[in-house]
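**Q** Have a look; sequence and predicted model below, questions after that.
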Amino acid sequence: MSSGFRVLPEEFKAEIDSLGEVQFVFGAVRNFSGQLLADWTERLELEEVGDDAWFGLPPASTGRWSKWNVSGREIVRRDLPKVYRSWTTEAPNFNGNGTHSITHFREVFRKQRLYGQQIEAAVTRRDEPRDSLVGTVLLTLQAPYDEEAERAYLYAASLARTWFGSATAYSLDETGIPQIPDQSVSWDFLPDGTVEEMRDAVVAKFGGSAAPQEIDIMIDRLEKVQSLNPEKRLVGTSGLQRYIGYMFGDDFVAFENPRVGNALYLMYGDWESLSQLSRSQLLASREGGFDRIIHTTRWFERLRLAVYNYRHN
């Protein structure tokens, strides 16, 4: 499972702001499967407490954020002024008869004990708006974004990513139930950017959770797709996963999620409808209209051939 975040990503702040004046929680929503349910409930050691509901305190072994959630951690506050610390030692007298006390002083950074709140996890099965599993961190937060609450946002988002693989802010209704939106995705056209602008965008999106080598792989992928001279670029958001679409024609778009571990999808015909589906829904579809390219050593050759065949059909 994924680890947490070093800092709160900027897009999370915008997402929290967009919720308005509501209470919310961080969590993740996935299409239901028995395998996923078993993974979440067994790995997180959750107990069934009712029909389609599981709760519990995930063990420290599930990740460092879980460990901090269980037992806390101490941090050095380098952002605060130093304070003087004193301690006393005993030294022998010069005449060799007895000892005397010596007090020492030193400027040090303050320390603060964080977390250790034993926040629990919840998993529920929902049938609206689709059959899904909803995993949430049971720490209620307040929107819109408040800079003073950033540590709490980071804490909850990191636990969600550690426990469920991703983190999305879901507003709560008047009964405290997370509101799960449908999966529609809106696409915006973007002007072509330079390599430097592309790198800046990728670093801003993934720099807090990806190693420098992974950033280089992402940039290399996007540069390769861009080298095929697509007519337009699109960008859209599904949850917190960013996809970039490269339109080679009105009925042929290549969708790339540059994060390592994701495949590239080629969509033909009614790509706008296909792009509304989750990956599991898309792979389960029998209607066709798409191809999936895994990022093996020959992935770019497959993409280049597909673009060539489309343009010369």
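**A** Received it, and whenever you're ready, just let me know what you need.
**Q** Backbone dihedrals for Thr136, please?
**A** Dihedral angles of Thr136 (phi, psi; degrees, to the nearest 10) stand at phi -130, psi 150.
**Q** Was I right to think it contacts Ala122?
**A** Yes. In this structure, Thr136 is within contact of Ala122 by Cβ atoms under 8 Å, at 5.0 Å. Using the backbone N, CA and C atoms, a C-beta is placed for each residue, glycine as well.
**Q** The two: which has the busier surroundings?
**A** Neighbours were counted for Thr136 and for Ala122 using other Cβ atoms under 10 Å; Thr136 has more, 27 against 19.
**Q** Give me the distance between the more buried one and Arg77.
**A** 30 Å (Cβ to Cβ, to the nearest Å).
**Q** and what of Gly20?
**A** Using Cβ to Cβ, one gets 33 Å for the distance from Gly20 to Arg77.
**Q** do Arg6 as well
**A** In this view, Arg6 and Arg77 are 17 Å apart by Cβ to Cβ.
**Q** Flag the shaky bits of the stretch 1-150 of the chain, pLDDT-wise.
**A** 1-2, 75, 114-115, 129-130 (pLDDT under 70).
**Q** which stretches of it form strands?
**A** Counting by DSSP state E, counting those that start in this stretch, the stretch 1-150 of the chain has strands at residues 23-31, 47-50, 53-56, 73-77, 83-92, 99-108, 110-114, 121-126, 132-137, 141-142.
**Q** and for the last one, what are the contacting residues?
**A** When you say that, I think you mean strand 141-142. Contact partners of strand 141-142, identified using Cβ atoms under 8 Å, 6 or more residues apart in numbering, comprise 16, 22-26, 149, 152-153, 156, 169.
**Q** give me the beta-bridge partners of the residue found closest to Ile180 once you drop the neighbours it is linked to in the chain?
**A** In this structure, Ile180 finds its nearest non-sequential neighbour in Val29, 5.5 Å apart by Cβ to Cβ, 6 or more residues apart in numbering. Note on Val29: beta-bridge partners Val134, judged by DSSP bridges.
**Q** dump the residue contacts of Val29.
**A** For Val29, the contact set (Cβ under 8 Å, 6+ apart) comprises 132-135, 168, 170, 180, 239.
**Q** Could you rerun that using 7 Å?
**A** For Val29, the contacting residues are 132, 134, 180, by Cβ atoms under 7 Å, 6 or more residues apart in numbering.
**Q** Narrow those to those that are buried.
**A** Buried members of these, scored by 16 or more other Cβ atoms under 10 Å, are 132, 134, 180.
**Q** Between those residues, which sits nearest Lys82?
**A** For the buried ones among the contacts of Val29, the residue nearest Lys82 by Cβ to Cβ is Val134; the value is 45.5 Å.
**Q** So that closest one sits against Ala121, correct?
**A** No. Checked against Cβ atoms under 7 Å, the pair Val134 and Ala121 is beyond contact range at 11.1 Å.
**Q** What average pLDDT does the host helix or strand of Asp216 get?
**A** Using DSSP states H and E, Asp216 sits in helix 212-226. Mean per-residue pLDDT for helix 212-226: 82.
**Q** Determine the set of other helices and strands touching that helix.
**A** helix 195-206, strand 252-256 (3 or more Cβ pairs under 7 Å, 6 or more residues apart in numbering; DSSP states H and E).
**Q** let's go with 8 Å and repeat that
**A** Other helices and strands packing on helix 212-226, by 3 or more Cβ pairs under 8 Å, 6 or more residues apart in numbering; DSSP states H and E, are helix 195-206, strand 241-249, strand 252-256, helix 299-311.
**Q** What number of residues are in the vicinity of Tyr145?
**A** Taking other Cβ under 10 Å as the criterion, the count of residues near Tyr145 is 19.
**Q** Could you tell me which residues make contact with it?
**A** 13-14, 16-17, 153.
**Q** Drop anything exposed from those residues.
**A** 13, 16, 153.
**Q** For Gly176, state which of the residues you listed is nearest.
**A** Among the buried ones among the contacts of Tyr145, Ile16 lies closest to Gly176 (Cβ to Cβ), at 18.0 Å.
**Q** out of the buried ones among the contacts of Tyr145, who's nearest Gln213?
**A** Lys13 (27.0 Å).
**Q** which residue sits closest to that closest one in space, ignoring its chain neighbours?
**A** Tyr145 (4.8 Å).
**Q** ok so, going back, switch the contacts of Val29 over to a markdown table; also include distance to Asp220.
**A** Output for the contacts of Val29, formatted as a markdown table (distance: Cβ to Cβ, whole Å):
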| residue | distance to Asp220 |
| --- | --- |
| Ser132 | 35 |
| Val134 | 36 |
| Ile180 | 36 |
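**Q** Checking my notes, Arg161 in a helix, right?
**A** Yes. Judged by DSSP: H, G, I helix; E, B strand; the rest coil, Arg161 forms part of a helix.
**Q** let's have the chain start at 730 instead
**A** Done: numbering now begins at 730, and the last item shifts to Arg890.
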